[in-house]
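**Student:** Based on what follows, work out the 3D shape:
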Amino acid sequence: MVDATGTRRADVLVEGDRVVAVGEDLGAGPGGVRRVLDAGGCLVCPGLVDLHAHLRQPGREEAETVETGARAAALGGYTAVVAMPNTEPPIDDAAVAREVLALGRGAVAEVTVAGAITRARAGELLAPMAELAALGVRLFTDDGAGVQDGALMRRALEYAGGLGVTLAQHCEDAVLAAGGCVHEGAWSSRLGLPGIPAAAEEVMVARDIALARLTGSRVHFLHLSTAGSVALVRAAREEGLPVTAEAAPHHFSLTDAEIAGYDPVFRVNPPLRQAGDVAAVRQGLADGTVQAVATDHAPHTPESKEVPFDQAPPGMLGLQTALPLTLEALGDRLSPAEVLALLSWQPAAIAGLLEGDRRPEGLSPHGGPVAPGATANLCVVDPAATWRLEVGHLASRSRNSPYLGRSLTGRARHTVLRGEPVVVDAEAQR
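**Tutor:** Presented below is the predicted three-dimensional model:
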């Protein structure tokens, strides 16, 4: 048993949607046990929580739907995901937010949403954050584009502070990044592809740290990818500023050398960086500078990716591979509890999904200690399971994963949502 309270050996008894007992050698109880899920050799923890998933609905259902994305999430051990607002139309008002939340009801992983900071994510006019916050939306971002206007971002942070919500920033200076599709460095020069310098990310990280200092409002940095960004966030947290950060598995498991074959599956934004950046992101996760692993799950149809590298949309699948990739990258420097903290209760805290947080109607708490009375949102992790990712394993409507055919270690054996086993022995149950 692994959660924020520590590690111990125990059985877990669930009745209905609640944990009713945690202890060694639990008996069947007066009503008997209807089903036993074998967790031998495994880690039982609160369900994983993804801060950053693109579920594409509404508008791009050919690539993903809330239903298929939730199924991929459950297979990856996730019981909750935060859907990004760069849909068509974007989640920039309460009507669209309600639509996505309604689509998520009854799915095999709970779906909450991030609202847009600006109308249409255009960076010009603030979205109605109070209206969205009233629905229980806790994160706001124009993900896919950073808010370029510093004065507008300051005003957004001032509003966010009064509403008690968090602004999550896609840190990229549009002028410095203009036209780029890969990291600016040796590989971009060798391949003749336009580059995006690390500075394009770092200048916006620095600006928004300054704005967090000015306003006192919370800023969450999405998918950090450079050593300089990690260093800036580390210094800000040592100063006591209200900033948090996440990293995506591809930014701590792949380098820009992967683009050598011009395969568009490796085009992501921010781009894959150099080995030194990968090492710095891993260190940031290991020392607490970066509090969460977020998938940046970004499905795209095969035809949209089967184009020249610089014309392909950025992004790759992540929900079903984040757990093994994190165990592989960090298992030699962090305990199992510390790895699972990055995937479960720490992102749950950032997303406002813990017990006592204000959540959208119908959404249960996630990431809290596994204890009697808690909602039974659970993941059973087999850290020693070795498996090969094949196309047939993918629940997503899309196939753009660079890990297809690769042997992975670590897997969600079971996923339990509100007391219902939705994944058993790594197989979806509905």
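**Student:** Using the three-state scheme, assign the residue lying closest to residue 69 once chain neighbours are set aside.
**Tutor:** Once flanking residues are discounted, residue 69 sits nearest to residue 55: 4.1 Å by Cβ to Cβ, 6 or more residues apart in numbering. From N, CA and C alone the C-beta is placed, and that goes for glycine too. Look at residue 55: counting by DSSP: H, G, I helix; E, B strand; the rest coil, its state is coil.
**Student:** what separates residue 55 from residue 302, distance-wise?
**Tutor:** Distance, residue 55 to residue 302, by Cβ to Cβ, to the nearest Å: 18 Å.
**Student:** And for residue 63?
**Tutor:** For residue 63, the distance to residue 302 (Cβ to Cβ) stands at 10 Å.
**Student:** Compare residue 55 and residue 302 (neighbour count), which wins?
**Tutor:** Taking neighbours as other Cβ atoms under 10 Å, residue 55 and residue 302 compare with residue 55 leading, 32 against 10.
**Student:** Sketch out the low-pLDDT regions of the stretch 1-150 of the chain for me.
**Tutor:** 27-33 (pLDDT under 70).
**Student:** And the strands in it?
**Tutor:** Along the stretch 1-150 of the chain, the stretches classed as strands by DSSP state E, counting those that start in this stretch are 2-3, 6-7, 11-15, 18-23, 43-46, 48-53, 78-83, 110-113, 139-140.
**Student:** can you tell me the helix or strand for residue 213?
**Tutor:** Assigned by DSSP states H and E, residue 213 falls within helix 198-215.
**Student:** got a pLDDT number for residue 186?
**Tutor:** Residue 186 is assigned a predicted lDDT (pLDDT) of 97.
**Student:** how about it, phi and psi?
**Tutor:** When read as degrees, to the nearest 10, the backbone of residue 186 gives phi -60, psi -40.
**Student:** residue contacts, it?
**Tutor:** Listed by Cβ atoms under 8 Å, 6 or more residues apart in numbering, residue 186 has no contact partners.
**Student:** how about the strands in the stretch 251-400 of the chain?
**Tutor:** Applying DSSP E, counting those that start in this stretch to the stretch 251-400 of the chain gives strands spanning 292-293, 378-388.
**Student:** and for the longest one, what are the contacting residues?
**Tutor:** Strand 378-388 has contacts (Cβ under 8 Å, 6+ apart) with 12, 14, 19, 37, 39, 41-48, 77-79, 323, 327, 331, 336, 340, 344, 370, 405-416, 426.
**Student:** Please check those residues and keep the buried ones.
**Tutor:** With neighbours counted using 16 or more other Cβ atoms under 10 Å, the contacts of strand 378-388 contain these buried positions: 12, 14, 19, 37, 39, 42-48, 77-79, 323, 327, 331, 336, 340, 344, 370, 408, 410-416, 426.
**Student:** So for the helix or strand following the helix holding residue 213, mean pLDDT?
**Tutor:** Counting by DSSP H and E, the next helix or strand C-terminal to helix 198-215 is strand 219-221. Mean per-residue pLDDT for strand 219-221: 98.
**Student:** Now the element after strand 219-221, going C-ward?
**Tutor:** helix 227-238.
**Student:** tell me what that following helix is packed against?
**Tutor:** With contacts defined as 3 or more Cβ pairs under 8 Å, 6 or more residues apart in numbering; DSSP states H and E, the packing partners of helix 227-238 are helix 198-215, strand 243-247, helix 275-287.
**Student:** contacting residues around the longest one?
**Tutor:** In this structure, residues lying in contact with helix 198-215 by Cβ under 8 Å, 6+ apart are 146, 150, 153-154, 157-158, 161, 169, 171-173, 176-177, 180, 183-184, 217-219, 221, 224-229, 232-233, 236, 239, 241-243, 270, 273, 277.
**Student:** Restricted to buried residues, select those in ChimeraX.
**Tutor:** Per 16+ other Cβ under 10 Å, the buried members of the contacts of helix 198-215 correspond to this ChimeraX selection:
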select :146,153,154,157,161,169,171,172,173,176,177,180,183,184,217,218,219,221,224,225,226,227,228,229,232,233,236,241,242,243,270,273,277
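**Student:** Which positions in stretch 235-255 come out as buried?
**Tutor:** Buried residues in stretch 235-255 (16+ other Cβ under 10 Å): 236-237, 241-255.
**Student:** What's the end-to-end length of it?
**Tutor:** Terminal residues of stretch 235-255 lie 25 Å apart, using Cα to Cα, to the nearest Å.
**Student:** same thing with stretch 300-314?
**Tutor:** Using Cα to Cα, one end of stretch 300-314 lies 9 Å from the other.
**Student:** and if you look at stretch 329-343?
**Tutor:** End-to-end distance (Cα to Cα), stretch 329-343: 13 Å.
**Student:** hmm, who's touching that stretch?
**Tutor:** The contact list for stretch 329-343 (Cβ under 8 Å, 6+ apart) reads 2-4, 6-7, 43, 45, 48-49, 77, 249, 252-253, 282, 285-286, 290-293, 322-323, 326-327, 381, 383.
**Student:** can you do 6 Å?
**Tutor:** With Cβ atoms under 6 Å, 6 or more residues apart in numbering as the test, stretch 329-343 has contacts from 2, 7, 43, 45, 48, 252, 253, 282, 286, 292, 293, 326.
**Student:** same deal with stretch 292-311?
**Tutor:** Taking Cβ under 6 Å, 6+ apart as the rule, stretch 292-311 contacts 50-54, 62-64, 181, 223, 246, 248, 262, 264, 267, 312-313, 315, 317-319, 322, 326, 342-343, 346-347, 396, 398, 400.
**Student:** are any of those residues buried, and which?
**Tutor:** By 16+ other Cβ under 10 Å, the contacts of stretch 292-311 give 50-54, 63-64, 181, 223, 246, 248, 264, 267, 312-313, 315, 317-319, 322, 326, 342-343, 346-347, 396, 398, 400 as buried.
**Student:** who wins for proximity to residue 126 among the helices and strands packed on helix 227-238?
**Tutor:** Evaluated over the helices and strands packed on helix 227-238, closeness to residue 126 peaks at helix 198-215, with 14.2 Å, by Cβ to Cβ.
**Student:** now the closest one against helix 275-287, angle please.
**Tutor:** 30 degrees (axes from the mean of the first three to the mean of the last three Cα atoms, to 10 degrees).
**Student:** Alright, I will stop here.
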